Structures are given as C-alpha cells and as structure tokens.
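>>> Prediction below, plus the sequence it came from.
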Amino acid sequence: MLFHVEMQVNIPHDFPAEKADAIKAAEKAYAQDLQRQGKWVHLWRIAGRYANVSIFDVESVDELHTLLSSLPLFPFMDIKVTPLARHPSAI
Ligand SMILES: O=C(O)C[C@H]1C=CC(=O)O1
C-alpha cells in the first residue's frame with residue numbers, strides 16, 4: 001500500500017540545541033534504515049519549509065502508523081497522510 005505523507009517539523013525555538021541535534025541524528029538514522037528496507041521510497045524537502053513530502057510503501061495503515069509514531073521527531077511533527085490508489089491512466 002502506498003501513502004503520500006507530508007511532515008511539518010515544529011521544534012520550539014527555546015528547545016535546547018544539543019537535544020534537538022541528537023533527535024535529528026536519530027531521525028536521520030531511522031529514516032535511512034526505512035529507506036534501505038524499501039518502506040520509505042521517496043523523501044523530498046519542501047523548498048522553503050522545515051517539511052518533507054514522502055512516499056511510504058507498507059503492508060497496512062497500522063504499519064504506517066507504527067513507523068510514523070516511532071519517528072524520533074514525531075512529538076514535534078504535524079503529519080498529513082493521503083492513501084494512494086493506482087491511476088487508470090498510469091502505465
Ligand atoms: O527533515 C525532515 O524533513 C524531518 C525528518 C524526515 C527525515 C529526516 O531525516 O528528518
């Protein structure tokens with residue numbers, strides 16, 4: 001199952017920089033592991049925002065929720081999920 005996921009990151013300005021850097025490093029390792037597994041198939045920065053557009057390929061909505069809620073940055077994210085169906089004109 002394919003999902004379009006938009007993640008907006010909102011780290012409070014008064015959050016300690018060292019803690020933020022550690023969370024971002026953990027997030028990068030987690031994201032790259034999921035990409036190597038083929039579950040996080042696209043990851044694009046939205047220009048001008050601390051946000052991304054991603055495509056996930058997972059077995060179920062429950063699996064997607066587990067992956068997203070395990071993101072180290074999850075407590076600082078607003079996430080919008082859109083399920084994708086095959087377009088009839090796609091080749
Ligand atoms: O930077 C982001 O968009 C947030 C998050 C998603 C992957 C990653 O490494 O960080």
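Yep, that arrived.

>>> can you give me the strands for the protein?
For the chain, the strands defined by DSSP state E occupy 2-9, 40-45, 51-57, 77-84.

>>> got these as a markdown table, with distance to Ala26 columns?
In short, each C-beta sits where N, CA and C put it, glycine included. Formatted as a markdown table, those follow (distance: least, CB to CB, whole Å):
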| stretch | distance to Ala26 |
| --- | --- |
| strand 2-9 | 14 |
| strand 40-45 | 15 |
| strand 51-57 | 16 |
| strand 77-84 | 14 |
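
>>> Show me the one of those that comes nearest the ligand.
Among the strands of the chain, strand 51-57 comes nearest to the ligand, with 3.5 Å by CB to the nearest ligand atom.

>>> any idea of the angle the closest one forms with strand 2-9?
Strand 51-57 and strand 2-9 are oriented at 150 degrees to each other (axes from the mean of the first three to the mean of the last three CA atoms, to 10 degrees).

>>> Buried residues in strand 51-57, which are they?
Across strand 51-57, burial judged by 16 or more other CB atoms under 10 Å covers 51-52, 54, 56.

>>> and the protein, which residues reach the ligand?
7, 9, 27-28, 31, 43, 52, 73 (CB under 6 Å from any ligand atom).
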